[in-house]
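1. predicted model follows, preceded by the sequence.
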Amino acid sequence: MSTHDAAVAPSPATPRLPGRGRHLARLFATEARYELLKVLRMPAFAIPTLAFPCLFYAFFGLAFGGQSAGGVSMGTYLLATYGAFGVIGASLFGFGVGVATERGQGWMLLKRATPMPPAAYFAAKTVTALLFSAVLVASLFALGGFVGGVALPTATWAALFAVLVAGALPFCALGLALGYLCGPNSAPAIVNLLYLPASFASGLWIPVQALPGWLQGLAPWLPPYHFGQLALGALGVEPATPPAVSVAALALATVIGLAVARWAYRRDSGQTYG
């Protein structure tokens, strides 16, 4: 072998770098793992997020479980709507309050100074919201099944679980928009101001048919209403709005949330870097 050939030939001891896709997958997984650990080490967030919907269900779903609504027992009906209520809270607070707080702490500036793509940060928060939603829904199912006497076919349990967990995604997008529009001190109050009244007006606390007429007219304009309708549809309850309309409404809410978040993100970049 010539000197030139030896110079260009790869050394067998030279380590091979992993492919770009594999490297990105590991990066995304690492970010998601540490985001989840961070949240688990914040009991002030984790415990209320998981316990609040279960307490609501214990007070109302179990107390009025013998009554009926939409052709099913009230305990079964509220399992779907309080599940939607809890998932919305986990998504809005995880993104709305979490992103706003980390922006205020300068954490986002530090993230931008690293090679990590911004998508990994947002994907990690989405994975955490979905995991929290899954645990929350499973807790409600256990409460309804073992204490509330709710009995459903396995396929119905699975369908309701899938709808509730997947329903977190539109509210992650809306929460992301709030996280970039709100400051760290105002975010908790603003999220609560939107989350609680919208959930009530959407029929997630009591059946929408029991609301005043003007609220019944307002409900179809609210994303939580459509989420609740899809969850009730998974139980076999005849929805007041066609499922295709509810899916389209949630898809539109997702697009609007992401568009507003993108605009606010770029505005933050302009204010930081000029």
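-> Good, I have the coordinates. Residues are numbered from 1 along each chain as shown.

2. for residue 186, what are phi and psi?
-> Backbone geometry at residue 186, expressed as degrees, to the nearest 10, gives phi -90, psi -20.

3. how close does it get to residue 92?
-> The gap separating residue 186 from residue 92 is 14 Å, by Cβ to Cβ, to the nearest Å. Using the backbone N, CA and C atoms, a C-beta is placed for each residue, glycine as well.

4. so where's the stretch 151-274 of the chain shaky on pLDDT?
-> By pLDDT under 70, the weakly predicted segments of the stretch 151-274 of the chain are 269-274.

5. can you show me the strands along it?
-> Using DSSP state E, counting those that start in this stretch, the stretch 151-274 of the chain contains no strands.

6. now do the helices in it.
-> Secondary structure of the stretch 151-274 of the chain (DSSP state H, counting those that start in this stretch): helices located at 154-166, 168-181, 187-201, 213-218, 223-234, 243-273.

7. returning to that earlier point: compare residue 186 and residue 92 (neighbour count), which wins?
-> residue 92 (27 against 12; other Cβ atoms under 10 Å).

8. just confirm that one is within a helix.
-> Yes - using DSSP: H, G, I helix; E, B strand; the rest coil, the assignment for residue 92 is a helix.

9. apart from its chain neighbours, what residue comes closest to it?
-> Using Cβ to Cβ, 6 or more residues apart in numbering and skipping the chain neighbours, the partner closest in space to residue 92 is residue 175 (4.3 Å).

10. hang on, that neighbour packs against residue 96?
-> Yes - with contact defined as Cβ atoms under 8 Å, residue 175 reaches residue 96; the gap is 4.1 Å.

11. anything in contact with each of these two?
-> Listed contacts common to residue 175 and residue 96 are residue 191; contacts here mean Cβ atoms under 8 Å, 6 or more residues apart in numbering.

12. higher neighbour count, the two?
-> Neighbours were counted for residue 175 and for residue 96 using other Cβ under 10 Å; residue 175 has more, 32 against 28.

13. quick one, what contacts the more buried one?
-> 91-96, 99, 191, 257.

14. output stretch 58-72 in CSV with nothing but the alpha carbons.
-> In CSV, the C-alpha atoms belonging to stretch 58-72 read as follows (Å, rounded to 0.1, in the frame of the first residue of the first chain):
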residue,chain,number,x,y,z
ALA,A,58,-65.8,11.1,43.9
PHE,A,59,-68.0,14.0,44.9
PHE,A,60,-70.4,13.9,41.9
GLY,A,61,-69.9,10.7,39.9
LEU,A,62,-70.3,8.5,42.9
ALA,A,63,-72.9,10.6,44.7
PHE,A,64,-75.2,10.7,41.6
GLY,A,65,-74.1,7.4,40.0
GLY,A,66,-77.6,5.9,40.3
GLN,A,67,-79.2,8.5,38.1
SER,A,68,-79.0,8.4,34.3
ALA,A,69,-77.9,10.7,31.6
GLY,A,70,-77.8,10.1,27.8
GLY,A,71,-79.0,6.6,28.2
VAL,A,72,-76.2,5.5,30.7
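
15. now find how far off-centre that stretch is within its chain.
-> Offset of stretch 58-72 from its chain centre (Cα atoms, centre = their mean, to the nearest Å): 26 Å.

16. got the contact list for that stretch?
-> In contact with stretch 58-72 (Cβ under 8 Å, 6+ apart) are residues 73-75, 77-79, 82, 143-144, 147-150, 205-207, 209, 232, 235-238.

17. same deal with stretch 254-273?
-> 103, 108-109, 118, 169-170, 173-177, 179-181.
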